[in-house]
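J.: Below are the sequence and a predicted model for it; my questions follow.
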Amino acid sequence: AQKITQTQPGMFVQEKEAVTLDCTYDTSDPSYGLFWYKQPSSGEMIFLIYQGSYDQQNATEGRYSLNFQKARKSANLVISASQLGDSAMYFCAMGDGNDYKLSFGAGTTVTVRA
Amino acid sequence: DAGITQSPRHKVTETGTPVTLRCHQTENHRYMYWYRQDPGHGLRLIHYSYGVKDTDKGEVSDGYSVSRSKTEDFLLTLESATSSQTSVYFCAISMKAEISGEQYFGPGTRLTVT
């Protein structure tokens, strides 16, 4: 069964606007973590933000925020004030279970237009 | 910079030949992981290690073996390469396998099996 689902294969956003990337997850483990990674065209994987299942508040890191809705099992990434350098593939991932292995979604490509 | 290097960065090999990819870390992290990245699938876990000589299988382990004889090196071996193993391979490290244990990735190895 798919643990992480990213339904948006590609998105376009205007520079300086906000964009929301969808992520839903599936786990029966009460303890889990949710992560977002960025992969620019150069290929490296860059850790952006983390949300724990017991965290009461949504995580924020600079222009990145994670909209965590536990009952809906969603962990959407919001990028505010988009910049041209935000153009990249974005992956949602979840860690749960023994040894906390990460499961990744298929990714969403974001293209920021000037 | 998480101090992770992968070698080689690019490799072309023929079907049926053995191939070994190396992941090297400089920061003494306990957990190391090997993933493969294919279009439409995100990253999928091949094998991981939770200590020297302690390894376990991931989601897509068939056709792969690993070894970890010292903390800093984690080797991935394709016993007899097949065209379906053409992919980008990422190594990752984590300080801990807990809900806050984000993983940091190496630069990746692009492997082509002809």
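T.: Right, received. Where do you want to start? Residues are numbered from 1 along each chain as shown, chains lettered A, B, ... in the order given.
J.: who touches residue 8 in this structure?
T.: Using chain A here. A:L21, A:D22, A:T108 (CB atoms under 8 Å, 6 or more residues apart in numbering or on different chains). In this view, the C-beta of every residue, glycine as well, is placed from N, C-alpha and C.
J.: To clarify, I was referring to chain B.
T.: B:L21, B:T109.
J.: and chain B, which of its residues are near chain A?
T.: Residues of chain B lying close to chain A by CB under 8 Å from any CB of the partner chain are B:31, B:33, B:35, B:40-45, B:48, B:50, B:56, B:58-59, B:88, B:90, B:92, B:94, B:97-105, B:107-108.
J.: one step back: in strands only, show me the contacts of A:Q8.
T.: A:L21, A:T108 (DSSP state E).
J.: In a markdown table: the contacts of A:Q8, plus pLDDT and distance to chain B.
T.: Below are the contacts of A:Q8 laid out as a markdown table (pLDDT from 0 to 100; distance: CB to the nearest CB, whole Å):
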| residue | pLDDT | distance to chain B |
| --- | --- | --- |
| A:L21 | 98 | 13 |
| A:D22 | 98 | 14 |
| A:T108 | 97 | 10 |
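J.: nearest to A:R72, of the contacts of A:Q8?
T.: A:D22 (10.9 Å; CB to CB).
J.: if I look at the closest one, how far off is A:R113?
T.: 20 Å (CB to CB, to the nearest Å).
J.: Kindly report the same for B:C23.
T.: Here the criterion is CB to CB. By it, B:C23 lies 37 Å from A:R113.
J.: repeat for B:Q85
T.: Distance from B:Q85 to A:R113, by CB to CB: 37 Å.
J.: higher neighbour count, the two?
T.: Between B:Q85 and A:R113, B:Q85 has the larger neighbour count (other CB atoms under 10 Å in any protein chain shown), namely 20 against 11.
J.: List the backbone torsions phi and psi for that one.
T.: In terms of degrees, to the nearest 10, the main-chain angles of B:Q85 are phi -90, psi 0.
J.: Check the spacing between it and B:S65 real quick.
T.: With CB to CB as the criterion, B:Q85 and B:S65 are 13 Å apart.
J.: Also B:P18?
T.: Using CB to CB, B:P18 is found at 10 Å from B:S65.
J.: Mind listing the shared neighbours of those two?
T.: B:T77, B:E79.
J.: More neighbours: these two, which one.
T.: Neighbour totals were compared for B:P18 and B:S65, and B:S65 leads with 16 against 11 (other CB under 10 Å).
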